[in-house]
Structure formats: C-alpha cells, structure tokens
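Participant: for reference, the sequence and a predicted model appear below.
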Amino acid sequence: AARIEDVILVDVPLFGDAAGHGGYSAADTGRTALYRGDELVGESTVPADAGFGFFEVPAEEAAYRLEASAERSTELSTKVALNWTFRSGRPAGEDWEQLPVMVVGYDPKLDGNAAAPAGERFDIPLRIVGNAGVTVAPKQVATQVSYDDGKTWQPAEVRATGKNWTATVTHPDGAGYVSLRTSVTDKQGNTIDQTIIRMYRLTGN
C-alpha cells in the first residue's frame, strides 16, 4: 500500500502460506474500499481484485480507512477481512511513499493437516509485520477467538515478551474449526482489525 502525489495504490494479497509468501485465491466475493473520513473514495467488488485498488485522493492530509475482504468456498480460510486506519497527505518527494499499514501473521504449531488438538490450552505466536520499509511499534494488541465461524467471539489471553506477542486460547473438546480476530494499534495511532474465519482445524479427542 503506497502513495505517490494524489494517488493511493493498494495491492495486498489476502492469502499466503506458512512461510510468509503472499498469494491470491479464487474467491466467491471480494471487496476493496477506501474511505477518507466517512466519505467513500472508491471501491471494487470484483472478487478477482480483492485486496487491489487504485484511488485518487485530495492533497491535504486526512484520516483514511482501507477495507479489503474475500470469501471463498473452501474448508479453511473461508473469509479473510482486513480494516486499516491511518493518516496520509501528499508526499513531499516524487517517489512512492509506503503507507503505515500492517498485517498480523500467526505461527501456531499445527500438524500436517493444519490441525491442533482439541480440549487443550494452545499458544499462537503473533507476527505483526509492517509495510516494506515501515517500522511497526505496536502499542495495543487484542485477539479474539471463535469456534462457531464468527457467530460469537471470546477474548484470548495476549501477552508481550519483548517485541514478540503471543495469544493463548483454550480449545473446546471435539472436532471443529478455530477463527481468529486480532486488533492492533501502533504508537502513531495506526490500526488494523484482521479476521480469518476457519484459520485451522481442531482434532477431536
């Protein structure tokens, strides 16, 4: 996500592998939208363009909200949604300026079937990654967990160890799926709210 003069370009892959490679997936629905304050600057609802957008904006600095989401007919990662807030004005130079957006990566220890044991406490290390060349300094991190595909949510325990963050959840008994939602606010006031429905499986006892 970057800006040059009065143009904001967004090209955020909504899917990826465990090694951190970004990628794309066929989706049933998708949306990318940019708001300046409460005013909609532009949006795309083409599923193939989920996470991509090209927006013309005024020169003056303002608060922005960027939304990107996709839903697909698969067993895992059935819905991915990211909402960012940040401030932006026309850059002083003539090069692309990276916007202060971030994403949350998860590093749970899953088996080869992308599953974790049911009925146990389970640690999920969090990787809070900034845009290329942008340093991220998280100030507040909160994670919620759902075991019914996002119908209801409950808070996870989140703790910081140095620059690392870990969420701890308690899996229910029986097979099922785990969905996660994480909100981050950095020291500059930029935010992200990121949701993944059916992030991994639970192996029943």
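Facilitator: Looks like it arrived, so ask away.
Participant: flag every buried residue along stretch 64-77.
Facilitator: Neighbour counts over stretch 64-77 (16 or more other C-beta atoms under 10 Å) mark Tyr64, Arg65, Leu66, Glu67, Ala68, Ser69, Ala70, Glu71, Arg72, Ser77 as buried. Placement of C-beta: from N, CA and C, glycine included.
Participant: quick check: the third one touching Ala81?
Facilitator: What that stands for is Leu66. No - under the criterion of C-beta atoms under 8 Å, Leu66 is not in contact with Ala81, lying 11.7 Å apart.
Participant: mind checking how far the closest residue to Ser44 other than its chain neighbours is from Gly204?
Facilitator: Counting by C-beta to C-beta, 6 or more residues apart in numbering, the nearest residue to Ser44 once its immediate chain neighbours are dropped is Thr32, at 4.9 Å. Distance of Thr32 to Gly204, given as C-beta to C-beta, to the nearest Å: 37 Å.
Participant: residues contacting the helix or strand of the chain with the lowest mean pLDDT, please?
Facilitator: In the chain, the helix or strand scored least confidently by mean pLDDT, DSSP states H and E is strand 22-23, which has a mean of 82. By C-beta atoms under 8 Å, 6 or more residues apart in numbering, the residues outside strand 22-23 that reach it are Val12, Pro13, Phe15, Gly16, Asp17.
Participant: in the longest strand along the chain, what counts as buried?
Facilitator: When the chain is parsed with DSSP state E, its longest strand is strand 191-203. Across strand 191-203, burial judged by 16+ other C-beta under 10 Å covers 191-203.
Participant: please apply the same query to stretch 91-104.
Facilitator: Pro91, Glu97, Leu99, Pro100, Val101, Met102, Val103, Val104.
Participant: likewise for stretch 148-166?
Facilitator: Gly150, Trp153, Ala156, Val158, Trp165, Thr166.
Participant: picking that back up, just how off-centre is the longest strand of the chain within its chain?
Facilitator: 9 Å (C-alpha atoms, centre = their mean, to the nearest Å).
Participant: and for stretch 67-87?
Facilitator: With C-alpha atoms, centre = their mean, you get 7 Å for stretch 67-87.
Participant: same check, this time on stretch 37-50
Facilitator: 16 Å.
Participant: and stretch 173-184, by the same measure?
Facilitator: Per C-alpha atoms, centre = their mean, the centroid offset for stretch 173-184 relative to its chain is 14 Å.
Participant: do stretch 71-88 as well
Facilitator: Worked out by C-alpha atoms, centre = their mean, stretch 71-88 lies 6 Å from the chain centre.
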